[in-house]
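Asks: please work out how this folds:
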Amino acid sequence: MKIIGKETIHPFLFYSGKTAGYIIWILYVTAFFELINIKMISFVCLDYISYCTMILGLFFIILSLINLGKSTSLGLPDEKTVFIKKGLYRFSRNPMYVGMYATIIAAALYTLNPVVIVMGAFVIAVHHSIVLAEENHLQKVFGQEYVKYRNGVRRYVKVRNGQTY
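Replies: A predicted model of the protein is given here:
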């Protein structure tokens, strides 16, 4: 199975959004280990919130990758794939993106750096566009099976009071 598939949105946006996300992760780690100084202001409370948010985000990403197994790819797979509805995918149609968003938010909270915040907003906007395009693709490939799944599982997450985030 090829890891890199077809872009779901314009290639420039797709790859720049992915790259910016990885850069933000690198900035977070290097700031955390004090290899670079990009923190604008330090609030201990926000630091701890960012740590918890980062751990939660990484948990979602790793568990999503495990749940996807061989169906994992960057972009749409070139070959036939399996429709995954197990694990975290029972609660969210896009748990990997939930994890990505959480890690981006964690980096923004930790650094409070305007560049990280703007890049983070860009990454989230691009990835939301990717999600919408992937959902269209899944409906075309899996038809009514996907429609039924989509109607029963939220795009991102559902909290107890019924609101979707």
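Asks: next, count neighbours for Tyr15.
Replies: As a burial measure, Tyr15 scores 14 neighbours (other Cβ atoms under 10 Å). Just so you know, the C-beta spots here come from the backbone N, C-alpha and C atoms, and that holds for glycine as well.
Asks: what residues sit buried inside the host helix or strand of Gly143?
Replies: If you go by DSSP states H and E, Gly143 is part of helix 114-152. Within helix 114-152, the residues scored as buried using 16 or more other Cβ atoms under 10 Å are 116-117, 119-120, 122-124, 126-131, 133-135, 138, 142, 146, 149.
Asks: rounded mean pLDDT for it, please.
Replies: In this model, helix 114-152 has an average pLDDT of 95.
Asks: remind me what it packs against, helices and strands.
Replies: When contacts are defined as 3 or more Cβ pairs under 8 Å, 6 or more residues apart in numbering; DSSP states H and E, helix 114-152 sits against helix 11-32, helix 95-111.
Asks: so which elements touch the shortest one?
Replies: Secondary-structure packing of helix 95-111 (3+ Cβ pairs under 8 Å, 6+ apart): helix 11-32, helix 44-68, helix 114-152.
Asks: between that helix and helix 44-68, what angle do the directions make?
Replies: Helix 95-111 runs at 160 degrees relative to helix 44-68, counting by axes from the mean of the first three to the mean of the last three Cα atoms, to 10 degrees.
Asks: ok, now which ones touch the residue nearest to the spatial centre of the chain?
Replies: Residue closest to the mean C-alpha point of the chain, counted by Cα atoms, centre = their mean, is Tyr97 at 2.2 Å. For Tyr97, the contact set (Cβ atoms under 8 Å, 6 or more residues apart in numbering) comprises His127, His128, Ile130, Val131, Tyr156.
Asks: roughly how far does it sit from Tyr89?
Replies: In this view, Tyr97 and Tyr89 are 12 Å apart by Cβ to Cβ, to the nearest Å.
Asks: send me stretch 47-60 as CSV with only the CA atoms.
Replies: The C-alpha trace of stretch 47-60 is given here as CSV (Å, rounded to 0.1, in the frame of the first residue of the first chain):
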residue,chain,number,x,y,z
ASP,A,47,1.4,25.5,29.9
TYR,A,48,-0.4,22.7,31.7
ILE,A,49,-3.5,23.0,29.6
SER,A,50,-1.3,22.8,26.5
TYR,A,51,0.5,19.7,27.9
CYS,A,52,-2.8,17.9,28.4
THR,A,53,-4.2,19.0,25.1
MET,A,54,-1.0,17.8,23.3
ILE,A,55,-1.2,14.4,25.0
LEU,A,56,-4.9,14.1,24.2
GLY,A,57,-4.2,15.1,20.5
LEU,A,58,-1.3,12.6,20.2
PHE,A,59,-3.5,9.9,21.7
PHE,A,60,-6.2,10.6,19.1
